[in-house]
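Engineer: sequence unknown, structure follows:
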């Protein structure tokens, strides 16, 4: 099964972008959130990802 980059439906603070990235790479979502906070220019990247990343399929 291929792992695709999607927004997380379980680990989301705002849109699930950081949770989706962390699930894709298998690392902590806290670290991804810190990168988006402290690296300059990442707000623009986050907005683009929040609008273009597909949602994860909902499970029962």
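Structural biologist: Received the coordinates, thanks. Every value quoted in this text rests on a predicted model; they were computed, and no experiment measured them. Numbers count the residues shown, from 1 in each chain.

Engineer: which residues sit in contact with the most centrally placed residue in the chain?
Structural biologist: Centroid-nearest residue in the chain: residue 17, 2.3 Å away (criterion: C-alpha atoms, centre = their mean). By C-beta atoms under 8 Å, 6 or more residues apart in numbering, the contact set of residue 17 is 7, 46, 49-50, 53. Every C-beta, even on glycine, is put in place using the N, C-alpha and C of the backbone.

Engineer: Where helices are concerned, which of those residues count?
Structural biologist: Taking DSSP state H, the ones among the contacts of residue 17 that sit in helices are 46, 49-50.

Engineer: Pull the number of nearby residues for residue 58.
Structural biologist: By the criterion of other C-beta atoms under 10 Å, residue 58 has 6 neighbours.

Engineer: show me the contacts for the closest residue to it other than its chain neighbours.
Structural biologist: Once flanking residues are discounted, residue 58 sits nearest to residue 9: 6.3 Å by C-beta to C-beta, 6 or more residues apart in numbering. Residue 9 makes contact with 16, 55-59, according to C-beta under 8 Å, 6+ apart.

Engineer: If any of those residues are buried, give me the ChimeraX selection for them.
Structural biologist: Buried members of the contacts of residue 9, defined by 16 or more other C-beta atoms under 10 Å, are picked up in ChimeraX with:
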select :16,56
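
Engineer: hmm, which two among the contacts of residue 9 are most spread apart?
Structural biologist: Greatest spatial distance among the contacts of residue 9 (C-beta to C-beta): 16 and 59, at 14.2 Å.

Engineer: Tell me the spacing between residue 41 and residue 15.
Structural biologist: 18 Å (C-beta to C-beta, to the nearest Å).
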